[in-house]
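> missing the sequence, but the structure's below:
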């Protein structure tokens, strides 16, 4: 059979089948393989990479319960049990009635309202055991899931005073792009430079360099990609932006397309935010009606630009820009080796700008409010404001727009956090902060923050945190490079030993060295940052390990003869002659 | 094209601009280890990370670097050497690499790099994950336990229809290389053999052809015999003068390593001039009669008695040496580590074809040692000071190490003397 479908439509095709049939069966894999001219093992390779694609097990309802650390501290295990008793099936096991399918999943961007779950990709938040039982009862009875589900609204807890807010203020759709006819593409990029716009996802790469680099590429087709795959545990600020300011993000993308000479924009939306897709698509439709998307936009001759939404399928690593491009092209979401910048060879090998939602929103605000407004906030060396998602042990979780330069302690006070023991800034791949560092500033030249701010109080066990993060990286590693694939798993064994009180100082030194090897040789940021929190917990919190340490000895404490012969004793008991 | 100057560890070299660093270095006599780099795959895969070097002080996969004028490469520093070695050790710890029982031994790139970097024992715990072999394809057998996920077969092996024959399945540490049965059936015998040969390890085998080359003609059998293995063991411990005492034992081993010690032949006569054997199967002394300078351990620990003997050795010996693959990571007995103990016992004693009626019990008696849940390497139980790999290690290798330990004689191991199989 001659294949005719383009590879970059593969994810959409797989979603279509799963939505129709509840899963992707062997026959469907073969069919897709024929349609796309691939071998079926290659299709299976793609399907098995994304954890929201289900093979051969259609159920009426699929539950994805968030297992991030905030949820773990807010009653995750109770909720998990409630689901299991309510449904009568364990997580990961098959329901004989084919009604429910229970899974754990990494952070779903609802850390302010944990414990939270997605059921058929609709959000259910602030779960209690009683509510879970009720939900299952209603769902079994045939209630409409759309009526049962929540509509989580992020609470805006703080904005900068004196009208300095950049993001959290009313926005009239199209206001930013209405400036475009009076601006040359070069001057748009120049404005980004003057406002010192940087990639807000966490890397803080100067945006004007990226846009300018792409603009200078000699290619007829170029792409603007909006990274809405906000997967860093504890982050949910892009959720608010998509919910409340979709037109801001789209205006930013249009402005980028104008400045670099692109004709197509793609929003890569994480599947966890599928319930926000309609909002985005409606906004895009409205824009098309107003001729803000399409041909000769705003009467600018030959400025043709369109935007579509590409749904992800559950993989944290796809937040890495080259993995995201791989995923958009219909491949396994493995980061590319760093040979070319996406601005040189990006989507379909064409020059591509990839920025996240917050960056495009800020770009639009720069056009709307002017450079001076943006740079009036913050510090001289790190100008402007930043959205922070605050979660964990505080009275006021939610969205905070802060000026760069705010001290950790200030933010803790604002969120009314008490007895704070540690803060995880920028998520598991970021930095673990002890109370000795609470005077540090959230700023580009001190403590960079991509948006996640998780607070842990004195009652929390740091080992739980570190173990949760380690499991997260094991689950989310793409597996392509050795240090990350094997390293995280090896560290998990060591963490288990710490918990059992079987380590001496030598073992701790080993962990530190091994973590550094992962940092040094992993292929992408995921593996390079994965051991951070463990290393920092050991280095910054002496109590953390001392509590578990035993004295150095020539006999290895890790080995326990009693435990090692237990299996054998059980076996001979089972087959004992004298029962 | 004219050549441009670049620097490796401060030394000036010349190569064509734009050439791949690993290839350029190789031509200039600098060996940068790598498992996933092949000149014709461009851009390089950069999956194995064994070639990590520093470029302008920043770590980078060497295979991703192109020669340009003034390129500064840091390569042979202690940190980088250790880092590369660690990455290779990780592959050994992650897969189930039983070199003595592997068809690819001697033809295996991973094993070769292990020798080249002087890995005696991996610093990481062996993970012993159970992975299922796939016998379904027509010609090919897949052994995912040996796969190092270099991605080469995925990229290179295509069927006549241009479709991929191999692909990765799942992700993270559950990632496996898998084969498409329909596409595999379209491969010619020659293409299937090529798939086997491009695999740097023994993960892809062709039925009936898995021992591709006979012993003595394997890829790395002819490696230059003057090549020295960089052994980075701790400096030898000072012991008192006079005749030294040595104790030896075989735990969960086959006595092959002891046989290898006897291979010293007449050398043994020289040996007993300078050392005295205490507890050892060689002289049949059952119990320690004094403290010993050195203890040589063959075999890992599979039962409670092994553990007790090993602990006694640690107590009675100044230096403990693990000899052979079994002592180092469990060896062949550790093949059971991927399977729960109860299943192993049921298979041998309960469901076995040869067990008689009413005889189907698992042996247990107070005089019998208890079987451990898995086979442990010696250094998982007590501190081990030195490791001598091999199945068995050659007599020369053992003798060199012992001489070094006892008399502080310098030694070096030649490539042909250093073997895992």
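Now that the structure is in, tell me what you want to look at. What you see is a predicted model; the values in this text were computed from it and never measured.

> contacts only, for the residue in the stretch 201-350 of chain A positioned nearest to chain B.
Going by C-beta to the nearest C-beta, chain B is nearest to residue A:337 of the stretch 201-350 of chain A, at 3.9 Å. Any C-beta I mention is one placed from the backbone N, CA and C, and that applies to glycine too. Going by C-beta atoms under 8 Å, 6 or more residues apart in numbering or on different chains, residue A:337 touches A:523, B:43-46, B:61, B:64.

> quick check: the closest residue to it other than its chain neighbours vs residue A:338, distance?
Closest residue to residue A:337 apart from its sequence neighbours, by C-beta to C-beta, 6 or more residues apart in numbering or on different chains: residue B:46 at 3.9 Å. Separation of residue B:46 from residue A:338 (C-beta to C-beta, to the nearest Å): 8 Å.

> the residue in the stretch 101-250 of chain A that chain B sits nearest to: neighbouring residues, count only.
Proximity of the stretch 101-250 of chain A to chain B (C-beta to the nearest C-beta) peaks at residue A:106, 11.8 Å away. Neighbourhood size, residue A:106 [other C-beta atoms under 10 Å in any protein chain shown]: 22.

> pretty sure residue B:349 is touching residue B:364, no?
No - here residue B:349 lies out of contact with residue B:364, judged by C-beta atoms under 8 Å, at a distance of 10.3 Å.

> count of residues packed around the residue nearest to residue A:337?
The burial count for residue B:46: 25, using other C-beta under 10 Å.

> residue contacts, residue A:87?
Applying C-beta under 8 Å, 6+ apart, we find residue A:87 in contact with A:95, A:99-100, A:102, A:136.

> and whichever strand or helix holds residue B:85, what's buried?
Assigned by DSSP states H and E, residue B:85 belongs to helix B:78-94. Buried residues in helix B:78-94, counted by 16 or more other C-beta atoms under 10 Å in any protein chain shown: B:80-94.

> hmm, back to that, from residue B:84, how far off is the residue of the stretch 201-350 of chain A closest to chain B?
Where residue B:84 is concerned, residue A:337 sits at a distance of 18 Å (C-beta to C-beta).

> ok, now residue A:252?
Residue A:252 is 43 Å from residue B:84, by C-beta to C-beta.

> longest strand anywhere in chain A?
strand A:385-392 (DSSP state E).

> name the strands paired with that one and say parallel or antiparallel.
Paired strands of strand A:385-392, with direction, are strand A:398-403 (antiparallel), strand A:452-457 (parallel) (DSSP bridges).

> pipe those strands into JSON lines and attach mean neighbour count and mean pLDDT per row.
Formatted as JSON lines, the strands paired with strand A:385-392 follow (neighbours: other C-beta atoms under 10 Å in any protein chain shown; pLDDT from 0 to 100):
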{"stretch": "strand A:398-403", "mean neighbour count": "22", "mean pLDDT": "95"}
{"stretch": "strand A:452-457", "mean neighbour count": "25", "mean pLDDT": "96"}
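
> any chance of these in JSON lines, plus distance to residue A:85?
Formatted as JSON lines, the strands paired with strand A:385-392 follow (distance: least, C-beta to C-beta, whole Å):
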{"stretch": "strand A:398-403", "distance to residue A:85": "32"}
{"stretch": "strand A:452-457", "distance to residue A:85": "29"}
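
> would it be right to say that residue A:118 lies in a helix?
No - counting by DSSP: H, G, I helix; E, B strand; the rest coil, residue A:118 is not found in a helix; it is strand.

> what's the burial count for it?
Applying other C-beta under 10 Å, we find 25 residues neighbouring residue A:118.

> what about the spatially closest residue to it that is not a sequence neighbour, is that helix, strand or coil?
Using C-beta to C-beta, 6+ apart and skipping the chain neighbours, the partner closest in space to residue A:118 is residue A:64 (4.5 Å). Following three-state DSSP, we place residue A:64 in the strand state.

> ok, residue A:64 - contacts?
Counting by C-beta under 8 Å, 6+ apart, residue A:64 makes contact with A:52, A:103-105, A:108, A:117-119, A:272.

> most neighbours of all these, which one?
Busiest of these [other C-beta under 10 Å] is residue A:108, holding 28 neighbours.

> quick revisit: farthest-separated two in the contacts of residue A:337?
Using C-beta to C-beta, the contacts of residue A:337 span at most 12.5 Å, a distance reached by A:523 and B:43.

> the two: which is more packed in?
residue A:523 (27 against 13).

> tell me which element the more buried one is part of?
Going by DSSP H and E, residue A:523 is not in any helix or strand.

> any idea how far it lies from chain B?
The gap separating residue A:523 from chain B is 6 Å, by C-beta to the nearest C-beta, to the nearest Å.

> what pLDDT does the residue nearest to that residue when sequence neighbours are not counted get?
Distances taken as C-beta to C-beta, 6+ apart put residue A:481 closest to residue A:523, at 3.9 Å, once the chain neighbours are dropped. The score at residue A:481 is 91. That number is its pLDDT.
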